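Colleague: no FASTA, just this:
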């Protein structure tokens, strides 16, 4: 049975009754902003609704399943792959009105919240109680915990603390048909049953609609410090990272910037990296203040062996200044070209050097600059292929380079996406990474939750 | 179609051909040891096989699916719930000959191994390269990584490092019908597809048979120290744990022992806990040596506020001596009664005090001693209900207490099993924890992998 192609009068009446006032948007003007996300694709939904509670969501999904109405859950839509673009029409469900922090418990070391809470807001509320929710995607100040769970967001601190998946203790989700599924809870250990809650993490809205979240917390580390290190070339940069890990240190972040990135950032600011550096690493360590002091000492000692060109240690405000270098990469990249294709491949950590070298060579061959930076500690590299959309053929060339990068990552034993997901942008590449058996199993598991395929249809796994 | 009830001549020929020599056991004498595990139940299989490679496993599962032959994977069988008892007969598959560590990579921070490697052997091999695989169930010296993955083993260090699930990067599993499924790999981040590999973790052999494992490693912490603290009563003991976490410390272990446990341990040895203590906590911290010193200082300072009766700090050999106290609990418990029912409920951390108090009261009411100890940091308490099987009615009374404990854990928002799983022993309680919807979904997901229900049938989720 095909999807509903238009809203009948009865549909409209149902939606406006269930979501009164501006809880339901039906005009093209009002829905326009919900037609796209941080990627490039767009498609108009038939309706946008903004539930305020799980009861509305359950009623909506009961109806949507019966009417074969696609449902696309959405929060701040910071994803870059078209993951929440309603390409089969249907109803976009904005979770932003379900944004209550229900409880932050400093004894259970757990927080219970609705999915629309902005991640940085949760972290700030936790910090007031000296508690810590570590996942920190770059979008942390705008994206939501629900969105982070739907995409299994990673971020800077994954080296030490893992990704969003590792912090989910419990989930409540509404399934097509309207059943409310409660999975897990506040207990930090639980081995009863298949781990359905973790299956939801990273499922990109394809299994059901998350309406409540329980995450694990840890004590807020007392202190942190960061170290920005410049190296003469890429190989030395990789050697530096190896030396630090080999010294028994587990930094909370280990970020990499290639020479082109440093050039770009330098155009905007003086940065505390040696002028001649062709690569840099940015480490963060956290713990007790004595522990942090010791780790900074060990870290700089470990780096001595590879003779870095510059070592800048930052604590307190100086630490924030160091991170400004990292934060200025993405805006600064547009100094090279007005457009970019931004990918986030990940490979086994030992392959990062080969990956970056090959990416640069590929960029050179095709005559476009490619910036490589990102989470070296996880082998997760952001490659920004810069181009000018107004210049003949450059967009197509950028996409050709992108295709080569995906295949390179797979050849190196990696993945086409460490963080961003596949959505529309990478859907066609998924079968190059996942086997036919895996894809069949995933499709069959989806059918268990969503037999009529109404949840975010048409996206890659 | 019912399960095969006996081996035909053709079955025997198939098995002895695929598993030559002592790779296939068919006599009751040889199979006897494979009829049970560390629990109390037993049932004879029709055959026991000992594969040495994935090819044999694939061929076995192709045949078993066609013949409706139950397949029960098994390694060291340290589980206490009958999880690998072949109650529907069929073939027990011992994975102990697939025990090769294929690679330990100090750059990728990953280890690749066959499932039959003993966990402590992996840890020792990692330590030689100053690498660390943190999961450490109490059975670490005898149980295998494959078994740990099948059960999502927890252990002492879960407070800081999480459980086995959090360390699995990749899995290879053979499914009924003989297909080999490869999931994940060495990349530390990967968001492509549903996370099938983590779905296998804790699935207790019910989805397929794991034949290769890739786990994440971290640098081996340079130093550690442990602190054993005696408290005047249970409430102060809980206050002490709270004070430590509130001080911003995240110990790698936070173990609890109640007054009865201390009494029992004292019967065997002098222990470094104040004689009057009615509860104790055992903390471990790890990191750089300076960091460890600082954490021990902070930890003992934080405890000052609750006025502990004794504080014993152990480093190096003295640290091992402190842990001997913890290790002597289980053998020591038999000084009270010759038999026990041992459970491992978990609750939100704030509820541990209430849990332990209620457990003690329940034991008193029924006239049996109950020891409570375990992983306070995870809210995961091991309750040992001691009884004398030769004394009229004591066994039944112990099981009545156990039933009350399960319901108590659920009432407190917890789980009937934080680590041990459900197997046969707790299968009947699973529907009290999981909803009908969850159970239906789990059954349907199992059908996706194992449509004929040949994988470890008859066990609880």
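Modeller: Everything's here; your move. Just so you know, these numbers come straight off a predicted model, no measurement behind them.
Colleague: Correct me if wrong, but residue A:48 is in a strand.
Modeller: Yes. The assignment for residue A:48 is a strand, going by DSSP: H, G, I helix; E, B strand; the rest coil.
Colleague: list the contacts for the closest residue to chain B within the stretch 351-461 of chain A?
Modeller: Chain B sits closest to residue A:418 of the stretch 351-461 of chain A, with a gap of 3.6 Å, by CB to the nearest CB. Yep, even glycine has a C-beta here, placed from its N, CA and C like the rest. For residue A:418, the contact set (CB atoms under 8 Å, 6 or more residues apart in numbering or on different chains) comprises A:154, A:344, A:345, A:346, A:375, A:378, A:379, A:380, B:187, B:189, B:190, B:191.
Colleague: Show me the helices in the stretch 101-250 of chain A, by range?
Modeller: Under the criterion DSSP state H, counting those that start in this stretch, the stretch 101-250 of chain A contains helices at A:119-128, A:145-151, A:158-161, A:196-200, A:234-246.
Colleague: Next, the buried residues of the last one.
Modeller: Going back to what we said before, that points to helix A:234-246. A:234, A:236, A:237, A:238, A:239, A:240, A:241, A:242, A:243, A:244, A:245, A:246 (16 or more other CB atoms under 10 Å in any protein chain shown).
Colleague: can you check stretch A:67-76 too?
Modeller: Buried residues in stretch A:67-76, counting neighbours by 16+ other CB under 10 Å, are found at A:67, A:69, A:70, A:71, A:72, A:73, A:74, A:75, A:76.
Colleague: if you look at the residues you listed, which of them are in helices?
Modeller: If you go by DSSP state H, the buried residues of stretch A:67-76 have residue A:67 in helices.
Colleague: and chain B, which of the buried residues of stretch A:67-76 reach it?
Modeller: Taking CB under 8 Å from any CB of the partner chain as the test, chain B is in contact with none of those.
Colleague: farthest-separated two in the buried residues of stretch A:67-76?
Modeller: A:67 and A:76 (27.4 Å; CB to CB).
Colleague: on that earlier part again, so which of the buried residues of helix A:234-246 also contact chain B?
Modeller: Applying CB under 8 Å from any CB to the buried residues of helix A:234-246, those adjacent to chain B are A:242, A:245, A:246.
Colleague: ok, now how distant is the second one from residue A:161?
Modeller: It stands for residue A:245. 16 Å (CB to CB, to the nearest Å).
Colleague: Which single residue of chain A ends up nearest chain B?
Modeller: For chain A, CB to the nearest CB, closest residue to chain B: residue A:291, 2.9 Å.
Colleague: Which helix or strand contains that residue?
Modeller: Assigning secondary structure by DSSP states H and E places residue A:291 in helix A:289-304.
Colleague: That helix: what's the following helix or strand?
Modeller: Remark: after helix A:289-304, the chain's next helix or strand is strand A:310-314, criterion DSSP H and E.
Colleague: Surely residue A:92 is within a helix?
Modeller: No. Counting by three-state DSSP, residue A:92 falls outside a helix, being strand.
Colleague: Could you count how many residues lie near the nearest residue in space to the residue of chain A closest to chain B that is not next to it in sequence?
Modeller: Nearest residue to residue A:291, sequence neighbours excluded (CB to CB, 6 or more residues apart in numbering or on different chains): residue B:291, at 2.9 Å. Residues within reach of residue B:291, counting by other CB atoms under 10 Å in any protein chain shown, total 25.
Colleague: swap in residue A:180?
Modeller: Counted with other CB under 10 Å, residue A:180 comes out at 18.
Colleague: close enough to count as contact, it and residue A:59?
Modeller: No. Using CB atoms under 8 Å, residue A:180 and residue A:59 do not qualify as a contacting pair, with a distance of 11.0 Å.
Colleague: got the phi/psi numbers for the residue nearest the centre of chain A?
Modeller: Centroid check for chain A by CA atoms, centre = their mean gives residue A:153 as the closest residue, at 3.6 Å. Backbone torsions of residue A:153, given as degrees, to the nearest 10, read phi -60, psi 140.
Colleague: hang on, it packs against residue A:134?
Modeller: No. With contacts counted by CB under 8 Å, residue A:153 stays clear of residue A:134, the gap being 11.4 Å.
Colleague: which sections of the stretch 351-461 of chain A are below the confidence cut-off?
Modeller: Within the stretch 351-461 of chain A, no range satisfies pLDDT under 70.
Colleague: on contacts alone, who are the packing partners of the longest helix seen in chain A?
Modeller: When chain A is parsed with DSSP H, its longest helix is helix A:394-411. Other helices and strands packing on helix A:394-411, by 3 or more CB pairs under 8 Å, 6 or more residues apart in numbering or on different chains; DSSP states H and E, are strand A:339-343, helix A:352-366, strand A:380-387, helix A:430-433.
Colleague: If we use 6 Å, what do you get?
Modeller: Packed against helix A:394-411 by the contact rule (3 or more CB pairs under 6 Å, 6 or more residues apart in numbering or on different chains; DSSP states H and E) you find strand A:339-343, helix A:352-366, strand A:380-387.
Colleague: can you list contacts of the first one?
Modeller: What that stands for is strand A:339-343. Here strand A:339-343 makes contact (CB atoms under 6 Å, 6 or more residues apart in numbering or on different chains) with A:383, A:384, A:385, A:386, A:387, A:389, A:398, A:402, A:405.
Colleague: mind running it again at 7 Å?
Modeller: Contact partners of strand A:339-343, identified using CB atoms under 7 Å, 6 or more residues apart in numbering or on different chains, comprise A:80, A:333, A:382-389, A:398-399, A:402, A:405.
Colleague: next one: the longest one
Modeller: Taking contacts as CB under 7 Å, 6+ apart, the residues outside helix A:352-366 that touch it are A:234-235, A:238, A:258, A:347, A:369-370, A:372, A:376, A:379, A:381, A:383, A:385, A:397, A:400-401, A:404-405, A:408-409, A:412.
Colleague: which of these count as buried?
Modeller: By 16+ other CB under 10 Å, the contacts of helix A:352-366 give A:234, A:238, A:258, A:347, A:369-370, A:372, A:376, A:379, A:381, A:383, A:385, A:397, A:400-401, A:404-405, A:408-409, A:412 as buried.
Colleague: Which residue ranges of the stretch 151-300 of chain A form strands?
Modeller: Ranges of strands in the stretch 151-300 of chain A, per DSSP state E, counting those that start in this stretch, are A:168-174, A:180-184, A:209-216, A:218-219, A:223-231, A:253-258, A:279-287.
Colleague: Same question for the stretch 1-150 of chain A.
Modeller: Here the stretch 1-150 of chain A has its strands, by DSSP E, counting those that start in this stretch, at A:24-25, A:47-49, A:71-74, A:91-94, A:101-105, A:110-113, A:131-132.
Colleague: quick one: average confidence on the last one?
Modeller: Strand A:131-132 carries an average pLDDT of 98.
Colleague: ok so, going back, does the residue nearest to residue A:291 touch residue A:290 like I think?
Modeller: Yes. With contact defined as CB atoms under 7 Å, residue B:291 and residue A:290 form a contacting pair (6.5 Å).
Colleague: before we move on, back to that, from the buried residues of helix A:234-246, pick the one nearest residue A:147.
Modeller: The closest of the buried residues of helix A:234-246 to residue A:147 turns out to be residue A:241 (CB to CB; 30.1 Å).
Colleague: isn't that closest one right next to residue A:379, touching?
Modeller: No. Residue A:241 is beyond contact range of residue A:379, at 10.5 Å (criterion: CB under 7 Å).
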